[in-house]
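**Q** Sequence and predicted structure below; questions after.
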Amino acid sequence: MADRHLILILGDQLTPTVSSLKAADKARDRLLMAEVQEEATYVRHHKKKIAFVFTAMRHFAQALREDGWTVDYVRLDDPDNTGTFTGEVGRAVARHGPGRIVVTEPGEWRIRATMAAWQDDFGLPVDMPDDDRFICTRADFAGWAAERKQLRMEFFYREMRRKTGLLMDGDKPEGGRWNFDAENRKPAKADLFVPTPKRFAPDETTHAVLALVGDRFADHFGDLEPFWFGATAEQAEAALAQFVDEALPSFGDYQDAMLKDERFLYHSILSLYINVGLLDPLAVCRRVENEYRAGRVPLNAAEGFIRQIIGWREYVRGIYWLKMPDYLEENFFGADRPLPDFYWTGETNMACLRAAIGQTKEEAYAHHIQRLMVTGNFAMLLGVDPKAVHDWYLSVYADAFEWVELPNTLGMSQFADGGLLGSKPYAASGNYINRMSDYCADCRFDPKRKSGEDACPFNPLYWDFLVRNRERLGANPRLGQVYRTWDRMDDDKQDAYRRSAEAILKNFG
Ligand code: FAD
Ligand code: DLZ
Ligand code: SF4
């Protein structure tokens, strides 16, 4: 049927109003969703992540059917499953004889490159409408970037505030300031009351997916169970409601804090739902703004939260599409060490890394500061190949999709783009982690010791990293003071740092 459209819906396009469905016709068109081996294994995703994507896909397909759509849903264990998007689209074209293929532009460059060949492969036009779940189109971001020498998030964020009207007071920012981050750096005390994120008992569909994933991906990283993620838009809404009621008011205050027994603190644990399309980012922000306007949450919490979404989330997506595919190859420091094995096991006597990696293994979640200042910081100080770091982050988190993960990892956390995203590397010694967490009390190392066997490894590595990379970083005005501190140290102290760092580096190959 030549005027029929075949509409492919990807695993992160689980939104009833996704652009590919806007001009679609329930009676005429056929929808295709496919669980494919290639997507589950192009990096060895955490078991929980695969299970989350598959169960959310299955629930979404069911909701579409109930809404009157005809959906071809190909399960991973379907004996005819070819294992790739191209293979599954090919089979669906043969089944339905459509006149065109429609798919909302994918989030990843890799998939877009595959799709670029489909017109020739299938002799059919391929429509790829923009993904309008983002506030800033790719074209608008490129226009914004073209007018600037420096692509700083803060200025982009202000544009997004103006564009959406979120937390605006006429043409001025609510409360007289754009950014309340300075108020969001409180460390947390271990006895702080902390709410827990909303958990959902697996239903029959999720149980079937868990059995499949347990069977097929047993050798992938991470614990499959207990599995408590939601799988539907209704559940994601319930998770949002609980976050707003219980955690949002303190979200700002403790945004950068880390506690060994509190994995989630006041974070929202919503990124996975937003990224697959179960929650609309702008609607989430409007809800948070309403809480502020109703006097139920302070401005520093609402602003901090909204900035993460309309600021950082939109900004990294813009950077991704602006810079791919070359971005993947960036390696400003020429770092080439392998990722230490303990990133895959959590078995290390560094308590902060043990906690961050251990919870990543169990939950497929760590919050931003754990990702940036513990696992990311350590990999950068050590000089790990940024591609290996990128593979790790893309694999281990339930919310990891390349468009958001890559700029955060390669740009923000590894400074591998030489300063496109940040004005200086997020390098820190044990002092920062000690101040922002309760990890160090349980550690075999001493955050106050600078060198020698008991010194916190972050301390000598921090200085060694700066000295090793002086040619590349020495002219950075934000590091002038740090290099002056190094230059003022006496030779013995400098030697002690470098010898300790050498011993650690030798340990990690
Ligand atoms: P909250 O702290 O509650 O923040 C609220 C929301 O803001 C998040 O749900 C998310 O949608 C958004 N957000 C916050 N920070 C960022 C950011 N830097 N970039 C984009 N969106 C942001 N986020 C991902 O969604 N996927 C990733 O693969 C990912 N990889 C990361 C890798 C590294 C090395 C680092 C440093 C950060 C990464 N982030 C990633 C950003 C951030 O850590 C997560 O979005 C956040 O931890 C998700 O948890 P949450 O929902 O509890 O967030
Ligand atoms: C992450 C993921 C996984 C594990 N499996 C599938 C799948 O089987 N089918 C699918 O349509 N999408 C899957 N995804 C998401 C994609 O790999 C990819 O990250 C996004 O579609 C890119 O925007
Ligand atoms: Fe981490 Fe160093 Fe503290 Fe140990 S002492 S927990 S290695 S920061």
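**A** In hand now; what should we look at? Ligands and ions are numbered 1, 2, ... in the order given.

**Q** Contact partners for T86?
**A** The neighbours of T86, taking CB atoms under 8 Å, 6 or more residues apart in numbering as the test, are 114, 117-118, 121. Every residue, glycine included, has its C-beta placed from N, CA and C.

**Q** so how many other residues sit close to G165?
**A** 10 (other CB atoms under 10 Å).

**Q** correction: P187
**A** P187, neighbours per other CB under 10 Å, totals 15.

**Q** give me phi/psi at the closest residue to ligand 1 within the stretch 101-250 of the chain?
**A** As assessed by CB to the nearest ligand atom, ligand 1 sits closest to F243 within the stretch 101-250 of the chain, at 7.5 Å. Note on F243: its backbone torsions stand at phi -60, psi -50 [degrees, to the nearest 10].

**Q** From P197, how far off is the closest residue to it other than its chain neighbours?
**A** Distance criterion CB to CB, 6 or more residues apart in numbering; nearest residue to F243, sequence neighbours excluded, is S268 at 4.5 Å. The gap separating S268 from P197 is 8 Å, by CB to CB, to the nearest Å.

**Q** So for the two, which residues contact both of them?
**A** Counting by CB under 8 Å, 6+ apart, the residues touching both S268 and P197 are 243, 247.

**Q** Please identify which of those two sits among more neighbours.
**A** In this view S268 and P197 are compared by other CB under 10 Å, and S268 has more residues nearby, 24 against 20.

**Q** That one in helix, strand or coil?
**A** coil (DSSP: H, G, I helix; E, B strand; the rest coil).

**Q** so how far is R44 from whatever residue of the stretch 201-350 of the chain ends up closest to ligand 3?
**A** Closest residue of the stretch 201-350 of the chain to ligand 3, CB to the nearest ligand atom: M350 (3.7 Å). Counting by CB to CB, the gap from M350 to R44 is 24 Å.

**Q** Compare these two (neighbour count), which wins?
**A** Taking neighbours as other CB under 10 Å, M350 and R44 compare with M350 leading, 22 against 19.

**Q** these two touch, right, that one and F445?
**A** Yes. M350 is in contact with F445 according to CB atoms under 8 Å; the separation is 6.6 Å.

**Q** Now for the two: what residues contact both?
**A** 456-457.

**Q** how is this protein carved up into domains?
**A** 5-127, 138-200+231-323, 342-507 (automatic domain parsing).

**Q** Is there contact, residue-wise, from the last one to ligand 2?
**A** Same thing as domain 342-507. Yes. Domain 342-507 lies within reach of ligand 2 by CB under 6 Å from any ligand atom, at F401.

**Q** let's have the chain start at 43 instead
**A** That works, and once the first residue is 43, the last one we named lands at domain 384-549.

**Q** quick one: that domain near ligand 1?
**A** Yes. Domain 384-549 is in contact with ligand 1 by CB under 6 Å from any ligand atom, via 409-410, 413-414, 418, 435, 439, 441-442, 446-447, 450-451, 454-455.

**Q** residue ranges with poor pLDDT in the chain?
**A** Residues of the chain that meet the criterion pLDDT under 70 lie in 43-44, 226, 232-235, 551.

**Q** Quick check: phi and psi at whichever residue of the stretch 43-192 of the chain sits closest to ligand 3.
**A** At 23.2 Å from ligand 3, H88 is the closest residue in the stretch 43-192 of the chain, using CB to the nearest ligand atom. The phi/psi pair for H88 (degrees, to the nearest 10) reads phi -50, psi 140.

**Q** Tell me if I'm right that it and Y435 touch.
**A** No. Look at H88 against Y435 with CB under 8 Å: they stay out of range, at 10.8 Å.

**Q** which helices and strands sit right next to the longest helix seen in the chain?
**A** Ranked by residue count and defined by DSSP state H, the top helix of the chain is helix 89-108. If contacts are counted by 3 or more CB pairs under 8 Å, 6 or more residues apart in numbering; DSSP states H and E, helix 89-108 sits against strand 72-76, strand 113-116, helix 246-258, helix 313-318.

**Q** redo that, cut-off 6 Å
**A** Identification of packing neighbours for helix 89-108 by 3 or more CB pairs under 6 Å, 6 or more residues apart in numbering; DSSP states H and E yields strand 113-116, helix 246-258.

**Q** Redo those as JSON lines? Include mean neighbour count and distance to A470.
**A** Formatted as JSON lines, the helices and strands packed on helix 89-108 follow (neighbours: other CB atoms under 10 Å; distance: least, CB to CB, whole Å):
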{"stretch": "strand 113-116", "mean neighbour count": "18", "distance to A470": "46"}
{"stretch": "helix 246-258", "mean neighbour count": "17", "distance to A470": "36"}
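
**Q** That concludes my questions; thank you for your assistance.
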